[in-house]
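Asks: structural data only, the sequence is not supplied:
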């Protein structure tokens, strides 16, 4: 069962939290601005992904960036990149760079009484917690996310 509410732990000293409280603005931060240095990192071996799935993934990724490419050109590109796909560290670095540029994070919790969250994210229990009705919040977050420019 999904929780009825989502909670955002906030600090009065964080201008983004104040904008959320008073102006209905949401800040989607990049992975590099999160306090966990491993957030957004992943390990993958694209050389193990079937070629058709990889082709479809790359096609969607390029189309998302407004680049249309024909299947034969994409196939040729994949053939030239086989060695690159075997280098998970390089892929991870490139993906992390893209994620930081195009993906934002808005962290919420399902628990309004988590002592650790109050300590870390609500200015050592001196901050505040905003409650969102989950049913209304998810579409609202999605709409706000579409409006953001990273």
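Replies: Happy to help now that I have it. Since the model is a prediction, treat every value here as computed from it, not as a measurement. Residues are numbered from 1 along each chain as shown.
Asks: pLDDT below threshold where in this protein?
Replies: Scanning the chain for pLDDT under 70 picks out the ranges 41-47, 65, 85, 88, 144-150.
Asks: ok, which stretches of it are strands?
Replies: Along the chain, the stretches classed as strands by DSSP state E are 5-10, 128-133.
Asks: may I see the buried residues of the last one?
Replies: I take that to be strand 128-133. Within strand 128-133, the residues that count as buried by 16 or more other C-beta atoms under 10 Å are 129, 132. Placement of C-beta: from N, CA and C, glycine included.
Asks: for the first one, same thing?
Replies: Judged by neighbour count using 16+ other C-beta under 10 Å, the buried positions of strand 5-10 are 6, 7, 8, 9, 10.
Asks: ok so, going back, I'd like the strands of the chain as JSON lines, with distance to residue 80 appended.
Replies: Shown next, in JSON lines, are the strands of the chain (distance: least, C-beta to C-beta, whole Å):
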{"stretch": "strand 5-10", "distance to residue 80": "45"}
{"stretch": "strand 128-133", "distance to residue 80": "47"}
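Asks: redo the buried residues of strand 5-10 as CSV? Include distance to residue 74.
Replies: Putting these into CSV (distance: C-beta to C-beta, whole Å) gives the following:
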residue, distance to residue 74
6, 39
7, 44
8, 41
9, 44
10, 45
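Asks: sorry, back to before: out of the strands of the chain, nearest to residue 90?
Replies: Closest to residue 90 of the strands of the chain, according to C-beta to C-beta: strand 5-10, at 35.7 Å.
Asks: which strands or helices does that closest one pack on?
Replies: On a contact count with 3 or more C-beta pairs under 8 Å, 6 or more residues apart in numbering; DSSP states H and E, strand 5-10 meets helix 15-23, helix 115-121, strand 128-133, helix 134-147.
Asks: for residue 103, find the nearest of these.
Replies: Short answer: helix 134-147, nearest of the helices and strands packed on strand 5-10 by C-beta to C-beta, at 9.7 Å.
Asks: are there helices or strands packed against that closest one, and which ones?
Replies: strand 5-10.
Asks: list of residues touching the strand it packs on?
Replies: 17, 20-21, 106-112, 117-118, 120-122, 127-134, 137 (C-beta atoms under 8 Å, 6 or more residues apart in numbering).
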